[in-house]
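here is a sequence together with a model predicted from it:
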Amino acid sequence: MIESDLLATSVHVPDTAPSIGSMLAWNPQPVPVLPALAVAAAVLYLVGLARLRRMRRPWPWWRTACFLGGCLLLAGTTGLGIEGYGYQLFSVWMFQHLTLSMTIPPLLVWGCPGLMLLRATPHHGLGRLVLVAAVSGLRSRTARVMLHPGFTIPLFLFSYYGIYLTPVFDSVGSTVVGHQMLELFFLISGLLFVVPILSVGPLPIRQTNLGRFFDLFVEMPLHVFFGVILMMGTTPIVGLFADPPPDWGIDAMRDQYLAGALAWSYGEPVALVVVIVFAIRWRRDETRENAVADQRADILGDAELDAYNAFLKDLHPTSASRTADTPVGRAIPGTPVGSTAQRNTE
């Protein structure tokens, strides 16, 4: 359990046992870092949207809904009463972890904030400096490394197995700053994983659709196996959650089992939605690429088709030349008299 003096001075932990009402109650922490970040992101997005409207540039409504929904979920997950319970109960903390790393990142990415930045930021004055900094950062080697599957997938793995199955969480999560840094880490790791898969904006590296699907396939069972580990445990895996408040009447092992059940089941519906959206985009990309290829073939010709026809012609050069040199009315050697082939030559 976190030390009582720390709870009394730095964290707002509810006095009553958890319930739906108490977890959704307004009870922000003394330093609400992530809720403030969510509010700032939503305000900047709305400012960009207003500028696009003034310039009469279209912007799909569903992008705005997704981004603002992600900001609202971020503010609620880290700013309501559920945040206080997350300091004491593994199941509540696991719900926050899964929401921060699996649900909020796709919503933010579907909002296309990068495209919003490129389209809404003025190309002069301070806006030009912002665009130059954004494009330079996007094209940097650091961005290429951080968005590469060789980095994002191990990082996502570490956010489960490396943090909870080692002393990392007990060491870092025992302080308020460490607790909030872990929440920020889960959000960033989820964004780094999902941006190369779902982003439609410019990226320093662009995987094929098959490569993106492989990344999704690798990620989907990660939290499932971790949930099984939690549910099969016979002792508390995380020391900070080994002693819930006695007056709450919550058993630590039952709470750990609930956390494992969440890790096992929570991400499946989210992953299914992501896969469906990805499949729709894959189909749309294939249709667009085929249309472009057909248009290019109509204008410039199809080199592959011409090469294939030449290959077929080279397979029977003798037959083709013999047919061309045969005089009209003379039977082709080897063709029965009165046959259809002879009548055709006549």
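It's in. What you see is a predicted model; the values in this text were computed from it and never measured.

what's the following helix or strand after the helix or strand hosting residue 229?
Using DSSP states H and E, residue 229 sits in helix 209-232. As assigned by DSSP H and E, the chain's next helix or strand after helix 209-232 is helix 252-265.

residue 267 reaches residue 223, doesn't it?
Yes. If you go by Cβ atoms under 8 Å, residue 267 and residue 223 touch, sitting 4.8 Å apart. To be clear about C-beta, it is placed using only N, CA and C from the backbone, and glycine gets the same treatment.

mind listing the shared neighbours of those two?
98, 102 (Cβ atoms under 8 Å, 6 or more residues apart in numbering).

can you show me the helices along the stretch 101-250 of the chain?
Counting by DSSP state H, counting those that start in this stretch, the stretch 101-250 of the chain has helices at residues 104-110, 113-120, 126-138, 141-146, 149-157, 163-164, 168-172, 176-198, 209-232.

most tightly packed of the ones you listed?
helix 104-110 (a mean of 24; mean count of other Cβ atoms under 10 Å).

and that helix, what does it pack against?
helix 61-79, helix 176-198, helix 267-300 (3 or more Cβ pairs under 8 Å, 6 or more residues apart in numbering; DSSP states H and E).

neighbouring contacts of the helix or strand following the shortest one?
Secondary structure here is assigned by DSSP H and E; on that basis, the next helix or strand after helix 61-79 toward the C-terminus is helix 81-85. With Cβ under 8 Å, 6+ apart as the contact definition, helix 81-85 has outside contacts at 11-14, 18, 22-29, 76-77, 92, 95-96.

please redo it, this time with the cut-off set to 7 Å
Helix 81-85 has contacts (Cβ atoms under 7 Å, 6 or more residues apart in numbering) with 11-14, 18, 22-25, 27, 29, 92, 96.

likewise stretch 235-252?
For stretch 235-252, contacts defined as Cβ under 7 Å, 6+ apart pick out 1-2, 17, 88-90, 164-165, 169-170, 173-174, 230, 253, 255-256.

now it: buried residues?
Neighbour-count burial for stretch 235-252, counted by 16 or more other Cβ atoms under 10 Å, picks out 237, 238, 240, 241, 242, 244, 245, 248, 250, 252.

kindly report the same for stretch 21-39.
22, 23, 27, 28, 29, 32, 33, 34, 35, 37, 38, 39.

which other helices and strands does the host helix or strand of the first one contact?
This means residue 22. In this structure, residue 22 sits in helix 20-23 according to DSSP H and E. Packing partners of helix 20-23 (3 or more Cβ pairs under 7 Å, 6 or more residues apart in numbering; DSSP states H and E): helix 81-85.

follow-up on the earlier one: mind putting the helices and strands packed on helix 104-110 into JSON lines with mean pLDDT and distance to residue 211?
Putting the helices and strands packed on helix 104-110 into JSON lines (pLDDT from 0 to 100; distance: least, Cβ to Cβ, whole Å) gives the following:
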{"stretch": "helix 61-79", "mean pLDDT": "95", "distance to residue 211": "24"}
{"stretch": "helix 176-198", "mean pLDDT": "91", "distance to residue 211": "9"}
{"stretch": "helix 267-300", "mean pLDDT": "76", "distance to residue 211": "11"}
